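# Model the structure of this input:
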Amino acid sequence: MAVLSTVVADRVLPVTLALALASVHLLTRSELFLTRLPRGRVLSFAGGVSVAYVFVHVLPEIDDFRQPMNEHPLIALPTEKEVYLVTMLGFVTYYGLERLTDRSAETSTDDRPTSGVFRVHVGAYAAHNAIVGYLLFHQEAPGVGNLLLFALALGLHFLLNDVALEDQHEAAYHRTGRWALAIAVLVGAGVGSVTELERATLGLLFAFLAGGIVLSVVREELPAERQGGFWWFTGGVALYTTILLVT
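The predicted structure is shown next:
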């Protein structure tokens with residue numbers, strides 16, 4: 001029974017969650033989401049959950065990755081400043097991509113980014129998704145609960161990204177972009193199921209991912225034209241923070 005439980009936690013559940021996360025990109029155009037749910041409030045709540053996950057769970061977990069390992073005492077671990085530098089790099093990288101996309105749209109005749117910028121933009125988020133897929137198999141804290149919390153937060157984060165990318169690229173994203181992002185999650189999960197990076201490297205992946213998540217929330221919540229809601233955002237932060245603290 002214990003062996004079966006381990007197999008489910010280590011193999012079956014990560015694969016199932018990878019499929020669920022990939023499906024986020026394929027379902028957000030559904031009639032229910034577009035017409036029946038208050039889109040701005042849903043996205044604000046999702047952003048709040050994502051921010052809570054980064055600041056209450058991911059950043060402390062990154063610090064845990066830096067703790068020396070008895071089995072690898074000679075490995076040079078990144079310093080605390082280097083880890084947070086990678087987090088900032090993730091933020092700056094995806095901010096730069098957003099500015100590139102906006103500039104391309106501003107100078108085009110149809111108010112849409114060029115096909116080249118579209119490929120770069122989607123490619124960067126595909127890499128982001130591949131990291132998420134990989135990390136489904138490599139969590140700092142083992143256990144079903146931790147993995148489910150990770151998947152829920154990242155699923156809502158994917159929702160933010162999906163809506164933003166579709167707003168920016170419209171038909172091109174619906175035709176090919178969303179499929180690329182969905183496949184990237186599965187590819188990352190496939191690689192994660194058969195390989196394992198050094199502990200310190202995993203910490204840096206988490207750090208880079210954290211920076212990208214924070215940028216996604218800032219992008220969605222701060223512009224004046226967004227239809228977000230402060231209380232929905234705060235509710236997402238409060239609810240997920242409570243869940244993280246009691247589990």
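# Tell me how far residue 129 lies from residue 239.
According to Cβ to Cβ, to the nearest Å, residue 129 stands 25 Å off from residue 239. (C-beta placed from N, C-alpha, C; glycine too.)
# Looking at these two, which is more packed in?
Neighbour count, other Cβ atoms under 10 Å: between residue 129 and residue 239, residue 129 has more, with 28 against 14.
# tell me which element the more buried one falls in.
helix 115-135 (DSSP states H and E).
# Report the buried residues of that helix.
For helix 115-135, the buried set under the neighbour-count rule, 16 or more other Cβ atoms under 10 Å, comprises 117-122, 124-126, 128-135.
# Which elements pack onto that helix?
Counting contacts by 3 or more Cβ pairs under 8 Å, 6 or more residues apart in numbering; DSSP states H and E, helix 115-135 packs against helix 13-27, helix 80-107, helix 144-169, helix 178-194, helix 199-221.
# Please identify the most buried of those helices.
Relative to the other members of these, helix 199-221 carries the highest mean neighbour count by mean count of other Cβ atoms under 10 Å, namely a mean of 21.
# Now the element after that helix, going C-ward?
Heading C-terminal from helix 199-221 (DSSP H and E), you reach helix 230-246.
# Let me know the angle separating that following helix from helix 199-221.
Here helix 230-246 runs at an angle of 160 degrees relative to helix 199-221 (axes from the mean of the first three to the mean of the last three Cα atoms, to 10 degrees).
# what's the burial count for residue 111?
Counted with other Cβ under 10 Å, the neighbours of residue 111 add up to 9.
# List the contacts of it.
Contacts here follow Cβ atoms under 8 Å, 6 or more residues apart in numbering; on that basis residue 111 touches residue 105.
# how far away is it from residue 98?
Separation of residue 111 from residue 98 (Cβ to Cβ) stands at 16 Å.
# swap in residue 156?
19 Å.
# so how far is the helix holding residue 129 from its chain's centroid?
For helix 115-135, the distance between its averaged C-alpha position and the chain's averaged C-alpha position is 11 Å (Cα atoms, centre = their mean, to the nearest Å).
# Can you name the residues that contact the residue nearest the centre of the chain?
When the chain is reduced to its mean C-alpha position, the closest residue under Cα atoms, centre = their mean turns out to be residue 154, at 4.7 Å. For residue 154, the set of contacting residues under the criterion of Cβ under 8 Å, 6+ apart consists of 21, 53, 132.
# Of those, which is the nearest to residue 245?
Set against residue 245, the nearest of the contacts of residue 154 by Cβ to Cβ is residue 53 (12.1 Å).
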